[in-house]
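> structure for this input, please:
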Amino acid sequence: MTKYCRYHRNHGHTTEECKALEEKIEELVRAGHFRRFVRKDDNSFRSHHPPRSDHRCPPCDSRHGKRLNQPANHDPQPARTNVTPVDPPLRGIINTISGGFAGGGSTSSVRKRHLRHIQSINHITHSHHRRRMPPITFTDDDFQGLDHQQDDPMVITVEIENYAVKKVLIDQGSSVDILYWATYQKLQLSDTAMVPYNEPIYGFSGEKVSTCGYIDLHIIFRDGAQTKTIPIRFLIVDAPTSYNVLLGCPSLNTLGAVVSTPHLAMKFSSPSGDILTIYGNQRLARECYMASLHPQLPILQTNHIERPPSSEIT
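Model prediction:
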């Protein structure tokens, strides 16, 4: 009877006699597969097939001196198989700043309804609900920073209540827009303009940060003579910081901004359809970074809130 190997799909030896298959099984066992088929005290990782004699060979035809059942070509090499490693399970999740109004509201029922809305595929596949934006690209001409080999945060200037507010941090990992209490006072906003809000926000390690309230303001983003104004709902936080304002995902999405950290720039479309560009200020970004490393020291030039050039004050 002709011998056939199902592993090589060729004649010459049986599957039980296949040395290549035995070595492949041992390789998979060493890689951690087939654990439930291997005894713990079996360190050889050998399969339980009968051993193959290294001297066994197909019989010869005595008249011609040729081996019977031997293919004309050499035996093909064993098929290569990629063994996918098993990744270890995650030990946990590290989040960014979360809370506020980005999840649909402050109550758990509203947030659950918001989550169900996102998970419903009917709400995200209809073309008439799809948001449309003009193409936005970045080129080498957008490298405007002082130091191109940088890992600086994106820090810009915006206009709030007819003030030019510098040291505004762009944080794409934050679910809230934050106006710090010191900045609130510098803007000379009345206490009655603030709406009470006692829901905390959560930082990187899950720590709670209390809020004083919230306020709705219109923010102007300027690129030369062109501007774009959007409404932003700020949470007001009384905390020591080197920044005046933190702009998170809600305001960036409302603005339609695309941020490029290598270029330290963000682009968005104007009401007329032009693409506007705002560049980050590396000097102020590094000042804020250094101040945040030494919070116990007095922060120099932290406020950086001034009237725009049209109505500058001293």
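
> am I right that Val29 is in a helix?
Yes. Assignment of Val29 by DSSP: H, G, I helix; E, B strand; the rest coil places it within a helix.

> roughly how far does it sit from Pro196?
Val29 sits 65 Å away from Pro196, taking Cβ to Cβ, to the nearest Å as the criterion. The C-beta positions use only the backbone N, C-alpha and C, and glycine is treated the same way.

> please apply the same query to Gln282.
38 Å.

> neighbour count for those two, which is higher?
A count of neighbours by other Cβ atoms under 10 Å puts Gln282 above the other of Gln282 and Pro196, at 18 against 8.

> distance check, that one against Phe138.
Counting by Cβ to Cβ, the separation of Gln282 from Phe138 is 17 Å.

> may I have the secondary structure class of Pro231?
Under three-state DSSP, Pro231 comes out as strand.

> ok, for it, nearest residue in space, not its chain neighbours?
Closest residue to Pro231 apart from its sequence neighbours, by Cβ to Cβ, 6 or more residues apart in numbering: His218 at 5.5 Å.

> isn't there a helix covering the one you found?
No. Assessed with three-state DSSP, His218 is strand; it does not lie in a helix.

> heads up, I number from 26, so please use that
Yep, numbering from 26; the last one is His243 now.

> may I ask you to confirm that it is in contact with Lys253?
No. The pair His243 / Lys253 is not scored as a contact, 10.8 Å apart, by Cβ atoms under 8 Å.

> which neighbours do the two share?
In terms of Cβ atoms under 8 Å, 6 or more residues apart in numbering, His243 and Lys253 are not both contacted by any residue.

> so between the two, which is more surrounded?
Relative neighbour count places Lys253 above the other of His243 and Lys253, with 20 against 11, counting by other Cβ under 10 Å.

> my read is that the more buried one contacts Ile244, right?
No. Taking contact to mean Cβ under 8 Å, the distance of 9.2 Å between Lys253 and Ile244 leaves them out of contact.

> run through the stretch 176-325 of the chain and note the low-pLDDT ranges.
Confidence mapping of the stretch 176-325 of the chain against pLDDT under 70 gives the ranges 229-230, 320-325.

> strands of that one, start to end?
With DSSP state E, counting those that start in this stretch as the definition, the stretch 176-325 of the chain shows strands at residue ranges 179-185, 188-195, 203-205, 226-227, 233-234, 238-248, 251-262, 270-272, 283-285, 290-294, 300-304.

> tabulate those strands (CSV), appending distance to Ala45.
Compiled in CSV, those are given as follows (distance: least, Cβ to Cβ, whole Å):
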stretch, distance to Ala45
strand 179-185, 57
strand 188-195, 59
strand 203-205, 64
strand 226-227, 57
strand 233-234, 62
strand 238-248, 67
strand 251-262, 66
strand 270-272, 62
strand 283-285, 53
strand 290-294, 58
strand 300-304, 61
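
> tell me which of these sits nearest to Thr217.
In terms of Cβ to Cβ, the element of the strands of the stretch 176-325 of the chain nearest to Thr217 is strand 238-248, at 10.4 Å.

> and that closest one, what's buried?
238-240, 242, 244, 246-248 (16 or more other Cβ atoms under 10 Å).

> and what of stretch 179-190?
Neighbour-count burial for stretch 179-190 flags 179-185, 188-190 (criterion: 16+ other Cβ under 10 Å).

> what is the most widely separated pair among those?
The largest distance within those, taken as Cβ to Cβ, falls between Met179 and Tyr188 and amounts to 20.3 Å.

> count of neighbours near the closest residue to Gly273 other than its chain neighbours?
Ranked by Cβ to Cβ, 6+ apart and with sequence neighbours excluded, the top spatial neighbour of Gly273 is Ser199, at 3.2 Å. Around Ser199 sit 24 other residues, with neighbours defined as other Cβ under 10 Å.

> circling back: could the buried residues of strand 238-248 be laid out in JSON lines, adding distance to Ile257?
Listed next are the buried residues of strand 238-248 as JSON lines, based on distance: Cβ to Cβ, whole Å:
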{"residue": "Gly238", "distance to Ile257": "15"}
{"residue": "Tyr239", "distance to Ile257": "10"}
{"residue": "Ile240", "distance to Ile257": "9"}
{"residue": "Leu242", "distance to Ile257": "6"}
{"residue": "Ile244", "distance to Ile257": "5"}
{"residue": "Phe246", "distance to Ile257": "11"}
{"residue": "Arg247", "distance to Ile257": "15"}
{"residue": "Asp248", "distance to Ile257": "18"}
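
> out of these, who's nearest Phe59?
Using Cβ to Cβ, Tyr239 comes nearest to Phe59 of the buried residues of strand 238-248, at 59.3 Å.

> just give me the neighbour total for the nearest residue to the closest one once chain neighbours are set aside.
Excluding the flanking residues, the one nearest Tyr239 by Cβ to Cβ, 6+ apart is Tyr222, at 4.7 Å. The burial count assigned to Tyr222 is 17, neighbours taken as other Cβ under 10 Å.
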